[in-house]
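Asks: missing the sequence, but the structure's below:
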Ligand SMILES: Cc1cc2nc3c(=O)[nH]c(=O)nc-3n(C[C@H](O)[C@H](O)[C@H](O)COP(=O)(O)OP(=O)(O)OC[C@H]3O[C@@H](n4cnc5c(N)ncnc54)[C@H](O)[C@@H]3O)c2cc1C
């Protein structure tokens with residue numbers, strides 16, 4: 001089990017990275033689920049690229065920098081927006097079935113915060129179309145995939161990452177997998193919150209792996225709340241629904257966005273729309289803890305053609321047909337703007353370790369991600385990272401590794417299996433979700449953040465007595481949930497500490513006690529380093545190239 005490059009995660013970022021590795025190198029992927037069950041498959045609305053006749057990559061870069069409240073690094077933003085059109089064409093040639101205009105060109109829809117209809121899509125199932133095409137490419141290249149393997153730690157020898165320790169979920173047992181370079185592509189951490197659009201597997205594992213290895217997590221306080229998720233389940237209702245012309249209404253039947261963003265209305269940035277919805281609900285103009293997303297005026301034909309999955313989800317999970325009835329929606333945790341700190345080529349502070357996709361912070365999204373820019377990030381930076389990792393190992397020799405890390409991981413698992421309890425992972429996970437949604441949702445204050453901090457610290461102590469009831473080796477999901485919970489708790493703590501530190505409001509981070517943006521003190525990235533007592537904060541400058549903060 002030795003490879004030149006090992007990619008942890010087989011979502012869009014991981015697969016795109018593996019495909020970018022030249023065929024003379026031996027690349028393998030490892031994933032805790034079958035590749036096409038990765039969360040990328042659930043992406044709905046689309047992927048951005050300035051391919052329209054009157055659009056330009058500079059306009060895309062400007063919208064991205066501005067939408068992220070100037071906290072994004074503009075060298076990385078420029079690279080992403082400049083390379084996007086070529087990447088989209090390449091995806092099309094790989095076989096992605098994009099929706100088309102009447103002239104047969106790739107269709108684009110308007111998305112929030114974008115000055116131009118720039119979002120390419122495949123109806124409202126874009127992630128599905130992309131991920132399946134990518135998987136075909138992976139099979140064509142006969143890449144080795146370790147399916148249903150769970151990575152528990154990085155192997156680090158003499159200041160270089162040289163592989164991972166992973167649990168074989170099918171047969172049970174820990175193994176070392178060695179490589180000259182490791183790429184983390186493990187996706188998001190949305191399951192820290194109880195109201196979340198994320199798949200249950202999105203538990204921030206890769207961020208925790210890097211953090212435990214001493215690498216900085218960047219801008220963790222910036223968690224995007226998507227404005228429109230279904231009541232009760234938190235299932236996403238794509239921004240494409242507003243892109244196609246959907247209205248947001250309060251209990252008075254008023255299009256309330258006219259009071260918050262009179263020009264952009266429903267297509268203001270996500271943080272603006274989420275805050276507006278929160279305020280409407282808080283001031284008593286909500287409908288049963290929600291507001292309404294009205295699609296009726298779009299008409300049956302358009303809904304069936306452009307938003308078929310949204311209609312199905314509303315019928316299945318909210319019991320109503322959006323052709324006839326508005327959908328009750330509310331904001332839910334959706335995307336982690338922060339992550340493993342990397343440069344624009346996916347390199348981390350640790351030689352041999354790279355990161356791409358949602359688990360990384362490159363950083364292109366700054367304080368708020370624009371819809372359609374995340375799928376783009378997985379493709380552009382997946383490709384760049386795979387290319388860079390391949391270049392970087394040409395002169396690297398596989399060094400021998402000791403079994404120290406393997407043994408300490410074995411002890412961690414033995415302890416979980418032998419703990420008498422009484423705590424169970426799911427109980428702690430439930431409590432974590434509730435406290436994070438309540439205290440670190442769209443509104444935060446010093447008091448709410450401090451409450452969350454004490455709660456998370458108490459939950460960490462409870463987790464030490466966590467008991468895994470299934471003692472078997474084969475498909476021990478109880479054990480995997482316990483390992484995931486340890487990641488969730490650690491990542492939650494970095495979000496809380498980062499939010500406490502940042503005494504301003506910017507994008508997705510809205511502090512009631514510091515309601516304005518403060519560029520003089522806070523136009524800087526926050527970095528979280530792991531210490532025995534908890535996260536230690538440091539700060540780093542933001543790269544500004546052509547768009548001065550306004
Ligand atoms: C419902 C929904 C809709 C979205 N819609 C859009 C959209 O329309 N446009 C847009 O731009 N963005 C959208 N996003 C965001 C975007 O889809 C994600 O940010 C992106 O797909 C993440 O891709 P990824 O490759 O980084 O990670 P993922 O696709 O999440 O893949 C992560 C991989 O890591 C593996 N993994 C994780 N931990 C471990 C471990 N410990 N051991 C082994 N393997 C591990 C998993 O098995 C998986 O293969 C949406 C997100 C959601 C939740």
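Replies: Alright, I've got the coordinates. What you see is a predicted model; the values in this text were computed from it and never measured.

Asks: how far away is residue 502 from residue 165?
Replies: For residue 502, the distance to residue 165 equals 34 Å [Cβ to Cβ, to the nearest Å]. The way it works is simple: take the backbone N, C-alpha and C, and place the C-beta from them, glycine included.

Asks: in the stretch 51-200 of the chain, which residue sits closest to the ligand?
Replies: residue 187 (2.4 Å; Cβ to the nearest ligand atom).

Asks: number of nearby residues for that residue?
Replies: Residues within reach of residue 187, counting by other Cβ atoms under 10 Å, total 29.

Asks: right, and it touches residue 42 too?
Replies: No: the pair residue 187 / residue 42 is not scored as a contact, 10.8 Å apart, by Cβ atoms under 8 Å.

Asks: tell me which residues touch the residue of the stretch 51-200 of the chain closest to the ligand, please.
Replies: Contact analysis of residue 187 by Cβ atoms under 8 Å, 6 or more residues apart in numbering lists 9, 11, 13, 38, 39, 40, 201, 202, 206, 357, 358, 359.

Asks: secondary structure element for it?
Replies: When elements are defined using DSSP states H and E, residue 187 is found to belong to no helix and no strand.

Asks: list the contacts for the residue nearest to it when sequence neighbours are not counted?
Replies: Ranked by Cβ to Cβ, 6 or more residues apart in numbering and with sequence neighbours excluded, the top spatial neighbour of residue 187 is residue 358, at 4.9 Å. Listed by Cβ under 8 Å, 6+ apart, the contact partners of residue 358 are 13, 187, 188, 335, 336, 339, 374, 377, 378.

Asks: tell me what the fifth one is bridged to.
Replies: So that's residue 336. residue 223 (DSSP bridges).

Asks: chain center to stretch 535-550: distance?
Replies: Between the centre of stretch 535-550 and the centre of its chain there are 21 Å (Cα atoms, centre = their mean, to the nearest Å).

Asks: could you give the mean pLDDT of it?
Replies: Averaging pLDDT along stretch 535-550 yields 97.

Asks: can you tell me the distance between the two ends of it?
Replies: 32 Å (Cα to Cα, to the nearest Å).

Asks: what's next to it, contact-wise?
Replies: 58, 61-62, 65-66, 70-76, 78, 216, 218, 366, 493-494, 497-498, 501, 519, 523-530.

Asks: buried ones among those?
Replies: Neighbour counting over the contacts of stretch 535-550 (16 or more other Cβ atoms under 10 Å) leaves 61-62, 65-66, 70-76, 78, 216, 218, 366, 493-494, 497-498, 523, 525-528, 530 as the buried ones.

Asks: which ones among the residues you listed lie within strands?
Replies: Judged by DSSP state E, the subset of the buried ones among the contacts of stretch 535-550 located in strands is 218, 525, 526, 527, 528, 530.

Asks: my read: the second one touches residue 220, true?
Replies: Looking back up the chat, that one is residue 525. No: counting by Cβ under 8 Å, residue 525 stays clear of residue 220, with 10.2 Å between them.

Asks: strand 524-531 and the helix or strand where residue 539 lies, what's the angle between them?
Replies: Using DSSP H and E, the element containing residue 539 is strand 534-541. Counting by axes from the mean of the first three to the mean of the last three Cα atoms, to 10 degrees, strand 534-541 points 150 degrees away from the direction of strand 524-531.

Asks: quick one: buried residues of strand 534-541?
Replies: 534, 535, 537.

Asks: by contact count, what packs against the lengthiest helix in the chain?
Replies: Scanning the chain for the helix with the most residues, using DSSP state H, yields helix 477-501. Applying 3 or more Cβ pairs under 8 Å, 6 or more residues apart in numbering; DSSP states H and E, we find helix 477-501 packed against strand 149-157, strand 160-168, helix 205-212, helix 404-418, helix 425-439, helix 446-463, strand 524-531, strand 534-541.

Asks: single out the most deeply packed of those.
Replies: Most buried of these by mean neighbour count (mean count of other Cβ atoms under 10 Å) is helix 205-212; its value is a mean of 26.
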